[in-house]
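>>> build the 3D model from these lines:
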Amino acid sequence: MDVSWLKGHGTENDFVLLPDPDGRVHGDLDPAFVAALCHRRRGLGADGVMRVVRTEAIDLDPALDTTGAEWFMDYRNADGSVSEMCGNGVRVFARYLLEAGLVDVEAPIRIGTRDGVKVVTRAGDELRVDMGPFQVGDVSEVTVGQHAWKAREVHTGNPHAVAFVDTVADAGPLLDQPGYDAGVYPEGVNIEFVERRGDRHVGMRVHERGSGETRSCGTGACAVGVATALADGASPTADVPVRYRVDVPGGTLHVEWTADDHLVLEGPAVIVASGQMEWRA
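Presented below is the predicted three-dimensional model:
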C-alpha cells in the first residue's frame with residue numbers, strides 16, 4: 001500500500017498524520033496498521049496516528065455535532081484504539097492544515113473531533129485551542145508499585161486521574177500500567193502525576209491509556225490545570241481567567257480556565273517531516 005505521511009509533534013508528543021481528504025485511502029483505520037506505524041523500531045514511531053479527512057467523508061455518530069468543521073481529526077492511540085480527543089494532536093493537525101493551505105490563515109480553525117468541534121487560533125508562533133467545557137468527578141486512588149496516591153477525576157475530552165506527588169520522580173519509571181479502579185474508569189484512564197514548582201506553575205508526567213508514558217499530553221495538562229486550581233481554591237472571574245504553566249518532559253504548555261468554564265490550551269506545534277512510502281506489513 002502506498003502511504004503519504006507526515007510527522008509532527010507538540011511538546012514532543014508525536015504523531016503520524018495520514019492525509020486522506022476524501023476518505024478513499026484508509027477507510028476505517030485498521031488497529032494493527034496503526035500500531036505498526038507507531039512502533040518505535042518497526043514503524044515510523046509515534047504516540048498516535050491522525051487521519052486528516054473531510055468531515056463529510058467520514059461515518060460518524062449522528063449525535064456528534066461537527067457544525068462548521070470542514071476537517072475531522074480521526075485520532076488513534078499507539079495501540080490502534082480510538083481516542084476521543086488529543087490536545088497536542090489537534091494543534092499539530094491545525095499546523096498541517098495551515099502549512100498545506102487548506103484553511104484561512106487569518107481565521108479561527110474549526111476542527112471536528114469525537115469530543116465535538118475544537119476551535120484553534122494563532123498566538124504568535126504557538127497555537128491556542130478552545131478545548132471546551134470540562135467535568136470534575138470524584139477522588140479515587142492510583143498506584144505505582146507499592147505506592148498509592150489520591151487522584152482527582154477530571155474529564156477534558158478524555159478521562160484523567162490527577163495525583164499530586166512530592167516529586168514526579170516518585171512515580172517511578174512508569175514503564176508498566178499504573179493501577180486504578182476499573183469500576184471508576186471502565187474504559188481506562190490517563191494518569192497524571194503532578195509536582196508544584198511555583199505560583200501557578202507545576203510539572204507533570206503522564207501515562208496515557210493505549211500509549212504508555214508520553215512526553216506530553218494536552219488534555220492531561222488541561223486536567224492538571226483544573227485539579228491544581230481546585231486545590232488552590234482558585235477560580236476565574238469575568239475579566240481574569242485562571243492560568244497555569246504546566247511543564248512536561250517535552251516542553252511547556254499553558255492552560256486557562258475561562259469565565260464560561262471552558263479550558264484553553266496553548267503551546268507549540270510543528271511538522272518535522274513528510275514522505276511517501278510503500279507500506280509492507
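
>>> could I get the full set of helices for the stretch 1-150 of the chain?
Using DSSP state H, counting those that start in this stretch, the helices of the stretch 1-150 of the chain run over 31-38, 87-99.

>>> out of those, which is the most enclosed?
Per residue and on average, the most neighbours among those fall to helix 87-99, with a mean of 26 (mean count of other Cβ atoms under 10 Å). Heads up, the C-betas are built off the backbone N, CA and C, glycines and all.

>>> export that one as PDB, just CAs?
Extracted in PDB, the C-alpha atoms of helix 87-99 (Å, rounded to 0.1, in the frame of the first residue of the first chain):
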ATOM      1  CA  GLY A  87      -4.900  18.400  22.900                       C
ATOM      2  CA  ASN A  88      -1.400  18.300  21.500                       C
ATOM      3  CA  GLY A  89      -2.600  16.400  18.400                       C
ATOM      4  CA  VAL A  90      -5.300  18.900  17.500                       C
ATOM      5  CA  ARG A  91      -2.700  21.700  17.400                       C
ATOM      6  CA  VAL A  92      -0.400  19.600  15.200                       C
ATOM      7  CA  PHE A  93      -3.400  18.800  13.000                       C
ATOM      8  CA  ALA A  94      -4.200  22.600  12.700                       C
ATOM      9  CA  ARG A  95      -0.500  23.300  11.900                       C
ATOM     10  CA  TYR A  96      -0.700  20.800   9.000                       C
ATOM     11  CA  LEU A  97      -3.900  22.500   7.700                       C
ATOM     12  CA  LEU A  98      -2.200  25.900   7.800                       C
ATOM     13  CA  GLU A  99       1.000  24.800   6.100                       C
END
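
>>> give me the contacts around that helix.
Helix 87-99 is touched from outside by 6, 8-11, 13, 15, 17, 48, 50, 52, 71, 73, 75, 102-103, 105, 109, 111, 113, 118, 120, 127, 129, 131, 156-157, 216-222, 265, 267-271, with contacts defined as Cβ atoms under 8 Å, 6 or more residues apart in numbering.

>>> also stretch 159-178?
Identification of contacts with stretch 159-178 by Cβ under 8 Å, 6+ apart yields 140, 142-145, 147, 149-154, 180, 185, 187-196, 203-205, 207, 212-213, 219-220, 223-224, 226-228, 231.

>>> buried subset of these?
Neighbour counting over these (16 or more other Cβ atoms under 10 Å) leaves 140, 142, 144, 149, 151-154, 180, 185, 188-196, 203-205, 207, 212-213, 219-220, 223-224, 226-228 as the buried ones.

>>> what residue ranges in this structure score low on pLDDT?
When the per-residue scores of the chain are filtered using pLDDT under 70, the ranges that remain are 175, 281.

>>> top helix in it by residue count?
Longest among the helix segments of the chain by residue count, using DSSP state H, is helix 218-232.

>>> specify the angle between it and helix 87-99 in degrees.
130 degrees (axes from the mean of the first three to the mean of the last three Cα atoms, to 10 degrees).

>>> right, and the helix or strand after helix 218-232?
Sequence-wise, the next helix or strand downstream of helix 218-232 (DSSP states H and E) is strand 242-248.

>>> got the buried residues for the next helix or strand after that following strand?
Beyond strand 242-248 on the C-terminal side, the first helix or strand identified by DSSP H and E is strand 251-257. Residues 251, 252, 253, 254, 255, 256, 257 are the ones in strand 251-257 that count as buried (16+ other Cβ under 10 Å).

>>> for strand 251-257, which helices and strands make contact with it?
helix 218-232, strand 242-248, strand 262-267 (3 or more Cβ pairs under 8 Å, 6 or more residues apart in numbering; DSSP states H and E).

>>> quick one: contacts of whichever helix or strand comes after the shortest one?
Under the assignment DSSP H and E, the closest C-terminal helix or strand after strand 262-267 is strand 270-278. Identification of contacts with strand 270-278 by Cβ under 8 Å, 6+ apart yields 1-10, 17, 92, 95-96, 99.
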